[in-house]
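Chemist: Pasting the sequence and the predicted coordinates here, then a few questions.
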Amino acid sequence: MSDAALAEEFCALSRSLFERGLTHGTSGNLSARLPDGGWLVSPTNASLGRLTPARLSRLDARGGHVSGDAPTKEWPLHTAFYATRGQRAGAVVHLHSPFAVALSCLPDLDPADCLPSLTPYPIMRLGQIPLIPYLPPGDAALGEAILALQGRAGAVLLANHGPVTSAPTLAEAVANCEEFEAAARLAITLRGMSARTLSAHQQAELLARFPRS
């Protein structure tokens, strides 16, 4: 995909997320790797619903700002995925989607896998999702927490903050964040009920049959 085509897709997907209420105000940020090793990054303090290709922040392979508006303050969070996930991370999406944020505020989540295994699809797309303890937005320690995972997780939940997903392409990373939100909504809806979850054997079977990138 050309740089221009990627920029157009970036803005279209961002606008779709905003218009469907998966992010609001100037919250949320996306990034995607360019063919030359640099990145397109959503600007700081910008609505994902009103981005244009010219406004997108372009960074070189070293993370230096080349053109466009200044990049999101969450850029250290994104770079940690790129540093540890290799080609499995061609794009990163971080949203403040309502149900995933609500889930991130609950006190009794499993820190190793914070999303209940209710249906096959989050397992197939996301695998286990670690919970990252609360840190202020933009804090470099968020990136350090991702680095400490050593590439084992393609998605995480930031406590009292929101979801982050990665994938080889931007469209896949967006789809992963959409799946995260749908699964979080189901988990919140069923909370307090005696919901039937998938067994460890059933989860392992899914991962064997549908290996993630």
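Modeler: Sure thing, it's come through. Quick caveat: nothing in here was measured; it's all calculated off a predicted structure.
Chemist: shaky segments in the chain?
Modeler: The chain contains residues with pLDDT under 70 at 212-213.
Chemist: make it 80
Modeler: 211-213 (pLDDT under 80).
Chemist: Can you show me the strands along it?
Modeler: 29-33, 39-41, 57-59, 65-67, 91-94, 131-132, 155-158, 162-167 (DSSP state E).
Chemist: Now residue 36: closest residue in space that isn't a chain neighbour?
Modeler: residue 61 (7.0 Å; CB to CB, 6 or more residues apart in numbering). Heads up, the C-betas are built off the backbone N, CA and C, glycines and all.
Chemist: Residue 123 too?
Modeler: residue 206 (5.0 Å).
Chemist: mind listing what the one you found touches?
Modeler: 120, 123, 124, 198 (CB atoms under 8 Å, 6 or more residues apart in numbering).
Chemist: Run a quick neighbour tally on the third one.
Modeler: Around residue 124 there are 16 other residues, counting by other CB atoms under 10 Å.
Chemist: Could you do the second one as well?
Modeler: A total of 24 residues lie near residue 123 under the criterion other CB under 10 Å.
Chemist: surely it meets residue 205?
Modeler: No - using CB atoms under 8 Å, residue 123 is not in contact with residue 205; the gap is 9.8 Å.
Chemist: re earlier: do I have it right that the residue nearest to residue 36 meets residue 79?
Modeler: No - counting by CB under 8 Å, residue 61 does not reach residue 79; the two are 11.5 Å apart.
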